[in-house]
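Trainee: Turn this into a model:
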Amino acid sequence: MHLDRLRRPASTPRRPLPAVGRVAAMAAGLLLANAGPEAGAASAGRAPAAVATGSMTPPAGGMRDARDARAARDDDYAGMFDAVHELLGRRYPSFELKAIDWEAVGQELRPRAEAADDDEELGAVLVELVSRLRDGNATLVPGTREVPGPRPRVYGPGLTCLVDGEDRIVVFHVVPGSPAAAKDIRPGDIIRSIDGRPAGEVLAESAAKMARHQGQSSDRALRHRAVRQLFRADEPDRSRTLTVARLGGRERELELFAMMQPPPPPRSPVQLAGIPSHPPVSWGILDGDLGYIAVRRGGGPLRSLRTAMRELRSTRALIVDVRGHSGGDFDPDNAFAAFDRAPGEPPLPIAVLIDPGTTGEGEAWASWFTSTGRARFYGEATAGSASVTEDVDVAGGKWRLRLPMRLLRGSLDRPIEGRGLEPDVPVRPLAEDIAEGRDTLIERVRHDLRIVTG
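Mentor: Prediction:
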């Protein structure tokens with residue numbers, strides 16, 4: 001969430017730079033003059049950008065020799081690093097919450113900035129610096145330079161996996177007509193190994209690489225993202241050799257090629273008949289007269305909740321599915337009016353489904369149900385990634401830093417960051433249910449509400 005229509009917070013206490021960084025920054029005149037938060041309400045657009053620059057005054061007397069010129073450039077990169085480190089040290093709100101020793105992080109990474117030969121190498125150091133915040137909302141975005149790092153992994157074989165309740169890597173979605181479908185891979189199949197290595201080991205390695213380029217606010221959010229991109233590649237025709245097991249059947253080894261740019265997978269592990277998987281809000285009535293609403297984005301689409309609740313008002317109970325809710329602003333004064341009951345109307349039992357893909361404003365919106373006691377939560381803890389951000393120019397505008405400025409609490413009495421929303425009933429999808437087209441969480445809700453279907 002960007003800093004729109006909200007007051008900016010008071011700045012956090014200034015955190016000192018390492019001595020070597022402080023001296024270099026002061027000598028080069030690189031510390032920010034106007035980095036502190038502005039008072040008053042922000043404008044309706046994106047907040048004005050502060051600037052963290054790293055320019056140096058050219059030496060008098062023309063160009064020096066190549067060696068001296070490189071030394072001057074290295075000092076400049078060190079100063080740019082110091083300015084970004086100092087900016088984050090003053091304004092990032094979660095150091096204490098996450099027990100991050102920011103001075104130690106700066107001392108570790110600064111020598112790499114000093115040794116950088118070009119903008120790309122400096123950018124790589126800044127990317128890692130920001131990732132050390134372990135914050136899914138903090139990131140470096142392009143300015144006059146592209147952000148260094150892996151190319152987007154847009155190609156795949158057409159399958160998407162999750163980690164199930166038995167810690168197995170399980171296929172939950174196969175794109176029709178894809179290379180995966182041609183190899184008869186089906187939802188519920190279990191990936192045992194990848195290129196001769198245990199699948200869990202490959203996933204852990206992939207998650208660790210991902211964390212160096214884009215921090216996540218919790219390990220569960222990192223794993224959730226990494227497993228869904230496990231078979232993605234940055235160029236077509238990359239192949240992986242998989243050992244795949246079918247429940248009740250044999251294992252087989254096969255080779256898959258990343259030959260397509262697959263569409264986004266469903267937010268939930270099982271596609272429910274008659275209920276679209278991608279609109280911001282969709283709804284229907286499940287077997288057993290069980291109302292179901294999937295809320296995947298906030299903002300304007302929340303207005304359709306009134307329509308949904310009019311159609312579902314007489315059902316025996318209601319499921320509100322916010323798995324994969326990716327954010328979007330909402331008006332707290334009107335966002336929940338659809339769930340009000342008329343005087344004398346009996347209360348409607350509500351179950352809220354959550355997972356580590358529930359993030360940002362999705363977490364803030366869902367927190368109302370737990371703070372008011374209106375629902376029981378089923379699933380896994382949410383991402384724990386909820387804050388107001390502002391974009392700030394750094395390194396003379398080479399990049400922009402998306403900087404979390406204020407932690408969201410939603411309807412809770414604590415920040416959502418890191419901890420997220422926690423389930424009353426911890427439950428994860430199971431391969432056995434996915435193979436049969438059942439949603440494990442919905443089946444648990446049926447069981448708890450004693451809803452029997454034919």
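
Trainee: To which secondary structure element type does the residue nearest the centre of the chain belong?
Mentor: Centroid check for the chain by CA atoms, centre = their mean gives Gly136 as the closest residue, at 5.0 Å. Secondary structure state of Gly136, per DSSP: H, G, I helix; E, B strand; the rest coil, is coil.

Trainee: which non-adjacent residue is nearest it?
Mentor: The shortest distance from Gly136 to any residue that is not its chain neighbour, by CB to CB, 6 or more residues apart in numbering, is 3.7 Å, and that residue is Ser385. For glycine as for every other residue, the C-beta is placed from the backbone atoms N, C-alpha and C.

Trainee: contacting residues around that neighbour?
Mentor: Taking CB atoms under 8 Å, 6 or more residues apart in numbering as the definition of contact, the neighbours of Ser385 are 135-137, 216-218, 221, 359-360, 363, 416-417, 420.

Trainee: Now, of those residues, which are buried?
Mentor: 135-137, 216-218, 221, 359-360, 363, 416-417, 420 (16 or more other CB atoms under 10 Å).

Trainee: Among those, which are located in helices?
Mentor: Secondary structure of the buried ones among the contacts of Ser385 is defined by DSSP state H; positions in helices are Ala221, Glu363.

Trainee: Tabulate the buried ones among the contacts of Ser385 (CSV), appending distance to Thr144.
Mentor: Formatted as CSV, the buried ones among the contacts of Ser385 follow (distance: CB to CB, whole Å):
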residue, distance to Thr144
Asp135, 24
Gly136, 25
Asn137, 23
Gln216, 27
Ser217, 29
Ser218, 33
Ala221, 31
Thr359, 30
Gly360, 28
Glu363, 34
Ile416, 34
Glu417, 31
Gly420, 36
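
Trainee: buried stuff in stretch 161-181?
Mentor: Residues of stretch 161-181 classed as buried by neighbour count (16+ other CB under 10 Å): 161-165, 168-175, 178-180.

Trainee: and the gap between the residue nearest to Gly136 and Met210?
Mentor: 14 Å (CB to CB, to the nearest Å).

Trainee: For the stretch 101-250 of the chain, just list every one of the strands.
Mentor: Here the stretch 101-250 of the chain has its strands, by DSSP state E, counting those that start in this stretch, at 139-142, 159-163, 169-174, 190-194, 197-198, 238-245.

Trainee: List the neighbouring strands of the longest one plus their orientation.
Mentor: So the one you mean is strand 238-245. Sheet pairing for strand 238-245, assigned by DSSP bridges, gives strand 190-194 (antiparallel), strand 251-258 (antiparallel).

Trainee: Out of those, which one sits most buried?
Mentor: The highest mean neighbour count among the strands paired with strand 238-245, using mean count of other CB atoms under 10 Å, belongs to strand 190-194: a mean of 20.

Trainee: What angle do strand 169-174 and that strand make with each other?
Mentor: Relative orientation of strand 190-194 with respect to strand 169-174: 110 degrees, computed using axes from the mean of the first three to the mean of the last three CA atoms, to 10 degrees.

Trainee: what does strand 190-194 rub up against?
Mentor: When contacts are taken as CB under 8 Å, 6+ apart, the neighbours of strand 190-194 outside the stretch itself are 161, 168-171, 198-199, 202, 230, 240-247, 251, 431.

Trainee: ok so, going back, among the buried residues of stretch 161-181, which two are most distant?
Mentor: With CB to CB as the measure, no two of those lie farther apart than Gly165 and Pro179, at 28.0 Å.

Trainee: picking that back up, make TSV from the buried ones among the contacts of Ser385 and add distance to Gly106 and pLDDT to it.
Mentor: As requested, the buried ones among the contacts of Ser385 are arranged in TSV below (distance: CB to CB, whole Å; pLDDT from 0 to 100):
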residue	distance to Gly106	pLDDT
Asp135	17	97
Gly136	22	95
Asn137	21	95
Gln216	21	95
Ser217	21	96
Ser218	24	97
Ala221	25	97
Thr359	28	95
Gly360	28	93
Glu363	30	95
Ile416	27	97
Glu417	22	97
Gly420	28	97
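
Trainee: Of the buried ones among the contacts of Ser385, just say which sits nearest to Gly288.
Mentor: Each of these was checked against Gly288 using CB to CB; the closest is Glu363, at 28.8 Å.

Trainee: List the contacts of the closest one.
Mentor: With contacts defined as CB under 8 Å, 6+ apart, Glu363 is in contact with His325, Thr382, Ala383, Gly384, Ser385, Ala386, Leu408, Gly410, Ile416, Gly420, Leu421.
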